[in-house]
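[1] just the structure for this:
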Amino acid sequence: MFDRILQRPNCLVNKRNRYQLLATVLINLICIAHGIGIGWLSPTLRKLQTPESPLSFPLNVKEVSWVGSALGIGSVIGNSLSGLLIHRIGSKMCLLLIAIPHLCLWIMVYFAKSVEFLIAGRLLAGITGGGIYILHPLFISEFCDANIRGTCATMVMLSVNTGILIGYILGTHVSYYVVPFIALILPLSYFVFVLLFIRDSPMHLISKGKFLAAEKSFRYYKNIKDGDSVSDQAIAMAEFKNMKVALTKEDNLLDKVTLKDFATKAALRGYAMAAVIVIANQFSGVFTMVNYMTDIFAMSGGSMDPNTSTIIIGSVQLFGAYVSTLLCDVFGRRILMLVSSGGVALSLTCFGFFTYFTQMYDLSEWSWVPAAIMSVDIFLGNIGLVSCLFVLMVEMYPLKIRAKATSISIVVCSSLVFLMLNIFPLCMHYWGLPTTMWSMATITAFCFTCFLLFLKETKGKSMLED
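    Predicted structure coming up:
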């Protein structure tokens with residue numbers, strides 16, 4: 001029975017998939033570290049706005065918006081640099097480089113003498129995050145089999161959400177000046193593991209004409225040993241040769257991309273759907289609210305401790321990302337996006353109504369409602385809008401422009417991250433929480449309609465086809 005399960009093509013620990021899973025886990029250590037930086041900020045920002053701030057300078061609402069949104073500026077920089085460098089110096093070198101800004105984040109946090117230190121630190125954290133969201137989906141798509149590609153790609157957000165939960169806990173219960181020493185362990189470990197165990201993908205090496213290195217990389221990620229049976233090795237090498245032929249065809253040479261390649265019907269369809277996905281991802285507020293969760297609960301009218309509520313939401317968020325890794329290659333991307341966007345629109349609407357009536361009536365007996373509604377919202381947002389974003393970004397574009405188009409799309413997404421992180425605390429301050437929630441619900445409902453009518457399933461799609 002157990003042997004039969006291990007032999008399934010979609011089993012993560014069967015012989016062929018083991019090194020692909022190992023590589024995915026190792027590169028996602030930086031995702032956990034990045035998530036810690038995001039999650040730690042939410043309870044810490046609330047402390048920094050009080051006279052009891054661990055720093056000598058309490059923050060006002062405008063400074064809070066800039067500390068929060070600097071992550072988006074850094075993400076745009078990280079996206080752009082990664083998109084430019086990935087085909088020049090390779091995935092492995094890029095993966096090593098993105099650890100450096102994250103290390104600098106915690107140095108800036110520890111030595112902060114003014115709000116500018118925190119803004120600079122968040123910008124550096126954004127550079128790492130921007131690099132992650134370009135490098136990881138592309139790299140995983142190049143070495144993973146189609147049977148497990150969705151599962152491995154959604155592990156990116158599972159890892160980020162794991163870090164966010166850890167960050168919530170550290171920000172709530174650990175001293176400001178102790179957190180940097182704990183947080184530095186992960187990026188340092190990641191750097192060593194990538195250096196020792198990660199190789200450039202066979203697709204990248206083929207595109208550079210390094211065919212011997214590409215074959216070694218292919219054998220490594222597919223776990224093909226010299227001692228394997230002759231038939232198994234022959235089948236694997238035939239697969240490698242097909243990949244080599246497909247990538248070296250004159251019309252598929254990745255280094256010879258022209259403007260005409262960006263104007264094909266397949267490319268235009270990709271742009272249109274990418275725009276809707278990015279808008280849904282950001283204007284649903286799922287990621288934005290993670291950064292300001294403690295403040296949201298403090299304004300929601302619930303009587304639960306805001307920090308406790310935030311940790312509960314972090315756990316729910318992690319569970320949602322885990323469910324996505326289980327279901328992405330089973331039910332496909334389309335159904336997860338529909339359930340996610342529709343559920344988020346409904347949850348935001350309900351949350352808006354609760355906070356609206358809290359201003360007029362005593363709802364203290366219902367103090368658990370904000371945490372319950374937000375738990376549903378965050379769970380549903382993470383099974384599709386968050387976790388499937390990078391899977392779909394890679395899969396929807398034609399092969400020839402995939403890397404460049406994906407990079408451009410993520411740059412746009414990061415720009416919206418900056419916008420949302422900057423305006424969200426201002427919207428809560430000037431519009432109030434109900435109107436802010438209803439606005440996001442309206443946009444998410446529109447995106448649900450677009451997914452229902454136009455989003456096509458990409459489960460099982462070969463990365464060598466358009």
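
[2] poorly predicted segments of the stretch 151-300 of the chain, please.
    For the stretch 151-300 of the chain, the stretches flagged by pLDDT under 70 are 250-256.

[3] state the helix or strand in which Y176 lies.
    According to DSSP states H and E, Y176 maps onto no helix or strand at all.

[4] doesn't L45 make contact with it?
    No. Using C-beta atoms under 8 Å as the test, Y176 is too far from L45 to be in contact (11.6 Å). For glycine as for every other residue, the C-beta is placed from the backbone atoms N, C-alpha and C.

[5] now the host helix or strand of Y168: buried residues?
    Assigned by DSSP H and E, Y168 belongs to helix 146-173. Buried residues in helix 146-173, counted by 16 or more other C-beta atoms under 10 Å: 146-172.

[6] how near is the nearest residue to I311 once chain neighbours are set aside to F57?
    Excluding the flanking residues, the one nearest I311 by C-beta to C-beta, 6 or more residues apart in numbering is Y168, at 4.9 Å. According to C-beta to C-beta, to the nearest Å, Y168 and F57 sit 24 Å apart.

[7] also L105?
    To F57, L105 is 19 Å away according to C-beta to C-beta.

[8] what residues are up against the residue lying closest to T24 once chain neighbours are set aside?
    Nearest residue to T24, sequence neighbours excluded (C-beta to C-beta, 6+ apart): C152, at 4.5 Å. Residues counted as contacts of C152 (C-beta atoms under 8 Å, 6 or more residues apart in numbering) are 12, 20-21, 24, 140, 144.

[9] out of these, who's nearest T406?
    Nearest to T406 among the contacts of C152, counting by C-beta to C-beta, is I140 at 12.1 Å.

[10] neighbour-wise, which of Y176 and L45 wins?
    L45 (21 against 18; other C-beta atoms under 10 Å).

[11] picking that back up, and L105 and F57? Which one has more around it.
    Shown here are L105 and F57; by other C-beta under 10 Å, L105 has more neighbours (28 against 14).

[12] wait, that one sits on I127?
    No. Applying C-beta under 8 Å, one finds L105 not in contact with I127, separated by 9.2 Å.

[13] name the helices or strands packed onto the one helix or strand L338 maps to?
    In this assignment (DSSP H and E), L338 forms part of helix 333-358. Helix 333-358 sits against helix 265-283, helix 369-381, helix 389-395, helix 433-454, with contacts defined as 3 or more C-beta pairs under 8 Å, 6 or more residues apart in numbering; DSSP states H and E.

[14] next, the angle from it to helix 369-381.
    Put simply, helix 333-358 runs at 160 degrees to helix 369-381, going by axes from the mean of the first three to the mean of the last three C-alpha atoms, to 10 degrees.

[15] would you mind listing the buried residues in helix 333-358?
    Buried positions in helix 333-358, judged by neighbour count with 16+ other C-beta under 10 Å: 333-337, 339-352, 354-356, 358.

[16] which SSE is I32 in?
    Assigned by DSSP H and E, I32 falls within helix 29-48.

[17] so what's the residue nearest the centre of the chain up against?
    With distances taken as C-alpha atoms, centre = their mean, the residue of the chain nearest its centroid is M157 (4.4 Å). Counting by C-beta under 8 Å, 6+ apart, M157 touches 31, 321, 324, 382, 386-387, 389-390.

[18] likewise for L85?
    Applying C-beta under 8 Å, 6+ apart, the residues near L85 are 93-94, 97.

[19] adding secondary structure and distance to L399, write those out as a markdown table.
    Shown next, in a markdown table, are the contacts of L85 (DSSP: H, G, I helix; E, B strand; the rest coil; distance: C-beta to C-beta, whole Å):
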| residue | secondary structure | distance to L399 |
| --- | --- | --- |
| M93 | helix | 23 |
| C94 | helix | 20 |
| L97 | helix | 26 |
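
[20] can you tell me which of those residues has the most neighbours?
    Neighbour counts for those (other C-beta under 10 Å) peak at C94, which has 23 neighbours.

[21] run a quick neighbour tally on I224.
    By other C-beta under 10 Å, the residues close to I224 number 21.

[22] which one is it nearest to, not counting chain neighbours?
    Residue nearest to I224 in three dimensions, not counting chain neighbours: A236, with 4.9 Å by C-beta to C-beta, 6+ apart.

[23] what separates the helix or strand containing the one you found from the chain centre, distance-wise?
    Assigned by DSSP H and E, A236 falls within helix 230-248. Offset of helix 230-248 from its chain centre (C-alpha atoms, centre = their mean, to the nearest Å): 32 Å.

[24] ok, now stretch 104-123?
    Using C-alpha atoms, centre = their mean, the offset of stretch 104-123 from its chain centre is 23 Å.

[25] and that stretch, which residues are buried?
    By neighbour count with 16+ other C-beta under 10 Å, stretch 104-123 contains the buried residues 104-106, 108-110, 112, 115, 117-123.

[26] kindly check the end-to-end length of stretch 325-334 for me.
    Distance between the two ends of stretch 325-334: 14 Å, counting by C-alpha to C-alpha, to the nearest Å.

[27] what residues does it touch?
    Stretch 325-334 has contacts (C-beta under 8 Å, 6+ apart) with 10, 147-151, 153-155, 158, 336, 383-384, 387-388, 391-392, 395, 451, 455-459.

[28] next: stretch 361-380.
    286, 289-290, 293, 296-297, 300-304, 309, 312-313, 316-317, 319-320, 323, 339-340, 343-344, 347-348, 350-351, 354-355, 357.

[29] tell me the buried residues in it?
    Buried, per 16+ other C-beta under 10 Å, within stretch 361-380: 363, 366, 369-380.

[30] now those in CSV, with pLDDT?
    Shown next, in CSV, are those (pLDDT from 0 to 100):
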residue, pLDDT
L363, 73
W366, 80
V369, 85
P370, 84
A371, 82
A372, 88
I373, 90
M374, 88
S375, 89
V376, 92
D377, 92
I378, 90
F379, 93
L380, 94
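
[31] and which of these is nearest M273?
    Among these, L380 lies closest to M273 (C-beta to C-beta), at 20.1 Å.

[32] for G74, see how far away that closest one is.
    28 Å.

[33] chain center to stretch 351-364: distance?
    Relative to its parent chain, stretch 351-364 has a centroid offset of 33 Å by C-alpha atoms, centre = their mean.

[34] how about that stretch as PDB, C-alpha atoms only?
    Extracted in PDB, the C-alpha atoms of stretch 351-364 (Å, rounded to 0.1, in the frame of the first residue of the first chain):
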ATOM      1  CA  PHE A 351     -17.000  42.800   8.200                       C
ATOM      2  CA  GLY A 352     -17.900  46.300   6.900                       C
ATOM      3  CA  PHE A 353     -21.500  45.900   8.200                       C
ATOM      4  CA  PHE A 354     -20.400  44.700  11.600                       C
ATOM      5  CA  THR A 355     -18.000  47.600  12.100                       C
ATOM      6  CA  TYR A 356     -20.700  50.000  10.800                       C
ATOM      7  CA  PHE A 357     -23.400  48.800  13.300                       C
ATOM      8  CA  THR A 358     -20.800  48.700  16.100                       C
ATOM      9  CA  GLN A 359     -20.700  52.500  15.900                       C
ATOM     10  CA  MET A 360     -24.400  52.700  16.700                       C
ATOM     11  CA  TYR A 361     -25.200  49.700  18.900                       C
ATOM     12  CA  ASP A 362     -23.600  47.900  21.800                       C
ATOM     13  CA  LEU A 363     -22.400  44.600  20.300                       C
ATOM     14  CA  SER A 364     -20.100  43.600  23.100                       C
END
